[in-house]
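Participant: output the structure for:
(chains A and B)
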Protein chains: 2
Amino acid sequence: MAHARSHIGIDLGGTHVRCARVDAQGRILAAERRQTSQAGPEAVMRQMADLVGRLREPGTRGVGIGVPGAIDAATGTVLNIPALAGWGHVPLAEAVSRASGLPCLLENDAKAAALGEWRAGAGRGCDNLAYVTVGTGIGGGMIVDGRLIRGIGGLAGEVGHTHVTDSSEPCACGRYGCWQAVASGTALAGRARAAVAAEPSSRIAVLAGGEAVTAFHVAQAAREGDERALALLADFARLLGMGFANVQHCYSPSRIIMGGGMSALFDLLQADMASALRAGLLAGFPPAEILAAELGDDAGLVGAAMIAAEIE
Amino acid sequence: MAHARSHIGIDLGGTHVRCARVDAQGRILAAERRQTSQAGPEAVMRQMADLVGRLREPGTRGVGIGVPGAIDAATGTVLNIPALAGWGHVPLAEAVSRASGLPCLLENDAKAAALGEWRAGAGRGCDNLAYVTVGTGIGGGMIVDGRLIRGIGGLAGEVGHTHVTDSSEPCACGRYGCWQAVASGTALAGRARAAVAAEPSSRIAVLAGGEAVTAFHVAQAAREGDERALALLADFARLLGMGFANVQHCYSPSRIIMGGGMSALFDLLQADMASALRAGLLAGFPPAEILAAELGDDAGLVGAAMIAAEIE
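Facilitator: This is a model prediction of the structure:
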């Protein structure tokens, strides 16, 4: 009997290593996760080899790994992972390939997620799409003319750190004015905390119940019709839409797919994001359709497996 | 005797139609120009057919046309040219091909110039480069992973109209905050005029001699060591370098090539542009090398011919 073809996707994160076996249509057939070892690359590579060994089947053809940092895709080398110590110039693909006997490719994690949404999510059939992940930060992966663009170090699409404003709180990167500094979930939560400090009896404060206010408390208050929360979200959506206009000028997609934790707020943001996108576009750019990602946290896993499928 | 292979490049501009026969190395063998007919597309297409007829030789294999607007490259249709009336949905490639009997392809003009610099100018041998033209406006053409990226309507790379600041004079597009509104030659000239109005005896004013102050008067005063002019150029270079950092985050090139009229000021701007680029980059992006374009006004012509060479 012929074995059904499958590929392994690995999503290397600062807290978890996730691994899945994925079929040719991008469906997850089986998945496991481990807390990411903080003992350095060798230990993490052993975790990966173990997970691949547990999940592979006779029809498994290769392994793709999404990496939260800069890589050299041609040599399969991790150049730098800001969130994990000791990951300068690590030949990760070769190590996993040697341990598993399967071919292995690397991809930047946001790009892997873009590929997942393109092949199996909200981007199916669309050859020009921008995937923008909005969570604690903002990242991106761009499909242009039917290809995932990478650039030097696989860093093309790092739109979260483009400078878009003269006035912002400091960004996580230490600079000012980044899109991420004003339009990430972190930025929204910061503005919500300031609002709560100014008005401690507000609905947002009540929902937070003494815990740190997050974007999700704002969303909950907004769904109850709270004016303050609705105003915070309208402003957040405007800042996202402004950045989507930049994304459209840069890559000219027909769809912009919003992923990441903040995509849970998509229905609350959609109309204002679309207005801001239209307002920000040069004549001659029909506005891209803004869609919520479909695969959620699995986009990067599925996309990493799709990278592996490219080997053949 | 075998005829040497060549291609025809056409650069369609608001004021001139330029045409050249170009060899496989990107050298211009012969060139002519005409004032662009304002009588509409039919008249311009006759100009193009006439120029192709004059310049073609037996070894000429095809025609490429750079268009200052949106195109559908797949069908060879001009979608919209802001600077010329009547150019909505014009099947330009088919018309020129029928008149000349040669295959014909279209490209956006900034992208054609990028291709010219890539194949025959400052970008030779570099598979990740950003070409940014800085003149009255700012345009761009991006080579990523060894391919010119196009996007819907061939509009990818329109970095001049990305929003980068909260405070600007109005942009030519009617909006505020575009990179072009603060870092084009027009923007520099505007700031120089304000400086001259405040200080009518300044060296810049003397050089302008009662004519409208331009960026070139500023450059001339700066070359003479004028402090006011040097300060204006330092600020201009900072704004260019800030935008180059955005370009690098978006496309991750190893070279950024500056073309357009302002590239005549390259030596005056280079050090400050490089500092601003470094200051604007996220950790993990080694700064791209910033270079002046080599082909000047001919980049678009040569690149259009290179487009034609792609047909084969």
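
Participant: any idea how many residues pack against the closest residue to residue A:177 other than its chain neighbours?
Facilitator: Leaving aside its chain neighbours, residue A:177 sits nearest to residue A:163 (4.5 Å; criterion: Cβ to Cβ, 6 or more residues apart in numbering or on different chains). (C-beta placed from N, C-alpha, C; glycine too.) Applying other Cβ atoms under 10 Å in any protein chain shown, we find 24 residues neighbouring residue A:163.

Participant: check residue A:311 too.
Facilitator: Neighbour count for residue A:311, taken as other Cβ under 10 Å: 14.

Participant: so who does it touch?
Facilitator: Neighbour list for residue A:311: A:61, A:62, A:103, A:105 [criterion: Cβ atoms under 8 Å, 6 or more residues apart in numbering or on different chains].

Participant: surely the last one forms part of a helix?
Facilitator: The reference is to residue A:105. No. Counting by DSSP: H, G, I helix; E, B strand; the rest coil, one finds residue A:105 to be strand, located in no helix.

Participant: correct me if wrong: residue A:140 contacts residue A:161.
Facilitator: No. Assessed by Cβ atoms under 8 Å, residue A:140 is found out of contact with residue A:161, at 10.1 Å.

Participant: element containing residue A:193?
Facilitator: Secondary structure from DSSP states H and E places residue A:193 in helix A:185-198.

Participant: what's in contact with the helix or strand following that helix?
Facilitator: Using DSSP H and E, the helix or strand that follows helix A:185-198 in sequence is helix A:203-208. Residues outside helix A:203-208 that contact it (Cβ under 8 Å, 6+ apart): A:192, A:195-196, A:199, A:213-214, A:217-218, A:220-221, A:224, A:226, A:228-229.

Participant: now do the same for residue A:123: helix, strand or coil?
Facilitator: Applying three-state DSSP: residue A:123 is coil.

Participant: state the phi and psi torsions of it.
Facilitator: Main-chain torsions, residue A:123, degrees, to the nearest 10: phi -110, psi 10.

Participant: shouldn't it be in contact with residue A:255?
Facilitator: Yes. In this structure residue A:123 lies within contact range of residue A:255 using Cβ under 8 Å: 6.2 Å.

Participant: and those two? Which one has more around it.
Facilitator: Higher neighbour count among residue A:123 and residue A:255: residue A:123, with 28 against 21, using other Cβ under 10 Å.

Participant: quick one: the more buried one from chain B, how far?
Facilitator: Computed as Cβ to the nearest Cβ, to the nearest Å, the residue A:123 to chain B distance reads 14 Å.

Participant: from residue A:117, how far out is that residue?
Facilitator: According to Cβ to Cβ, to the nearest Å, residue A:123 and residue A:117 sit 5 Å apart.

Participant: domain-wise, how is chain A divided?
Facilitator: Residue ranges for the domains of chain A, per automatic domain parsing: A:6-116+A:298-310, A:125-293.

Participant: contacts only, for residue A:123.
Facilitator: A:114, A:117, A:129, A:131, A:143, A:255, A:257.

Participant: in what element of secondary structure is the first one found?
Facilitator: Right, residue A:114. Residue A:114 belongs to helix A:109-120, assigned by DSSP H and E.

Participant: quick one: list the elements packing against that helix.
Facilitator: If contacts are counted by 3 or more Cβ pairs under 8 Å, 6 or more residues apart in numbering or on different chains; DSSP states H and E, helix A:109-120 sits against strand A:6-12, strand A:60-67, strand A:129-134, strand A:138-144, strand A:147-148, strand A:255-259, helix A:299-310.

Participant: can you tell me the average pLDDT over the fifth one?
Facilitator: Strand A:147-148 comes out with an average pLDDT of 95.

Participant: helices or strands up against that strand?
Facilitator: Packed against strand A:147-148 by the contact rule (3+ Cβ pairs under 8 Å, 6+ apart) you find helix A:109-120.

Participant: state the pLDDT value of the residue lying closest to residue A:92 once chain neighbours are set aside.
Facilitator: Counting by Cβ to Cβ, 6+ apart, residue A:92 lies nearest to residue A:78, which is 5.0 Å off, once chain neighbours are set aside. As predicted, residue A:78 sits at a pLDDT of 95.

Participant: number of nearby residues for residue A:78?
Facilitator: Residue A:78, neighbours per other Cβ under 10 Å, totals 23.

Participant: if I pick residue A:293, what's in contact with it?
Facilitator: A:113, A:117, A:121, A:122, A:131, A:133, A:257, A:258, A:259, A:260, A:263, A:299.

Participant: which residues touch the closest residue to it other than its chain neighbours?
Facilitator: Distances taken as Cβ to Cβ, 6+ apart place residue A:259 nearest to residue A:293, at 3.5 Å, with adjacent residues excluded. Under the criterion of Cβ under 8 Å, 6+ apart, the neighbours of residue A:259 are A:113, A:117, A:131, A:132, A:133, A:134, A:292, A:293, A:295, A:296, A:299.
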